[in-house]
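In: whatever this is, show me its structure:
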Amino acid sequence: MMRHGLVWLISIAILALAGCTESVTRHDNPRILLMGDSMMSVHGMTGASVSHAVEKRLREPVVDRSVAGARFLYKLPISGAAGMNITKQYRAGNWDWVILNGGGNDILFGCGCGLCGHKIDRLISEDGRKGVIPGFISKLRQDGAQVLFVGYMRTPGVTSPIEHCVDEGREMDARLARLAELDRGVHFLSLEGLVPNGDRSFHALDLIHPSAKGSDAIGARIVTEIKR
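Out: Coordinates of the predicted model:
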């Protein structure tokens, strides 16, 4: 537990660059909503987050409601409603696309990436049909949006505070890919191959969160998937 507490403290500096949750009003007419955790929100204050990269390439406004540290399995009501619970980040709208990620914080801080089978099952079952994530995506689909779920960002192949989470991340990706196979309106985007082995430039100094270059690369992959 001390190790994971240290991981969290190391991350605080980079999270200072995270974006704030955007509001959605009845006067807005955006078509793309982005939600998730710090992989999405980091660099928001400097205009270099994933949502900014998507906006730049699509020339479409993106409402970014992602929050650093957010989880799917989050019970505290006030901070959860403020976005620490990813399902609470959603606001109804005339969305063509909802882009999201999540689950990494549930695994890292919920079970330390060890003995995580039960925790992962709560997020999404092995066949992709049950769990908090499939239930939430079903709601998004009922509102008419195409849903793009972005997988976890791999480490650069050097010592990283989350190096021991690789197997859990791959298992999550596999289950999310099975979920996407069940509905043509649900798409899974793997980030495998995004980070060249040994290349630290795609990560921030903590080797957990994307650098500005990494956020831009993630945004580019999202746009490629949407256009496809």
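In: show me the contacts for Leu182.
Out: Neighbouring residues of Leu182 by C-beta atoms under 8 Å, 6 or more residues apart in numbering: 128-129. Yep, even glycine has a C-beta here, placed from its N, CA and C like the rest.
In: quick one: it and Asp96, what's the gap?
Out: 21 Å (C-beta to C-beta, to the nearest Å).
In: averaged over its residues, which helix or strand of this protein has the lowest pLDDT?
Out: Across the helices and strands of the chain, mean pLDDT, DSSP states H and E gives its lowest value to helix 2-15, namely a mean of 44.
In: just give me how far the helix or strand following it sits from the chain centre.
Out: Using DSSP states H and E, the helix or strand that follows helix 2-15 in sequence is strand 32-35. Taking C-alpha atoms, centre = their mean, to the nearest Å, the mean C-alpha location of strand 32-35 is offset from the chain mean by 11 Å.
In: repeat for stretch 62-80
Out: That offset, for stretch 62-80, works out to 11 Å (C-alpha atoms, centre = their mean).
In: and if you look at stretch 95-114?
Out: 6 Å.
In: stretch 141-156 too?
Out: That offset, for stretch 141-156, works out to 7 Å (C-alpha atoms, centre = their mean).
In: end to end, how far does it reach?
Out: 34 Å (C-alpha to C-alpha, to the nearest Å).
In: model confidence over that stretch, on average?
Out: What stretch 141-156 shows for mean pLDDT is 93.
In: report the buried residues of it.
Out: Using 16 or more other C-beta atoms under 10 Å as the test for burial, stretch 141-156 gives 145-156.
In: quick check: the two most widely separated of those?
Out: Within those, Ala145 and Pro156 form the most distant pair, 33.0 Å apart (C-beta to C-beta).
In: which sections of the chain are below the confidence cut-off?
Out: 1-21, 23-28, 110-115, 161, 163 (pLDDT under 70).
In: now for the residue nearest the centre of the chain: which residues touch it?
Out: Central residue of the chain (C-alpha atoms, centre = their mean): Asn101, 2.3 Å from the mean position. The contact partners of Asn101, taken as C-beta under 8 Å, 6+ apart, are 36-37, 39-40, 149-152.
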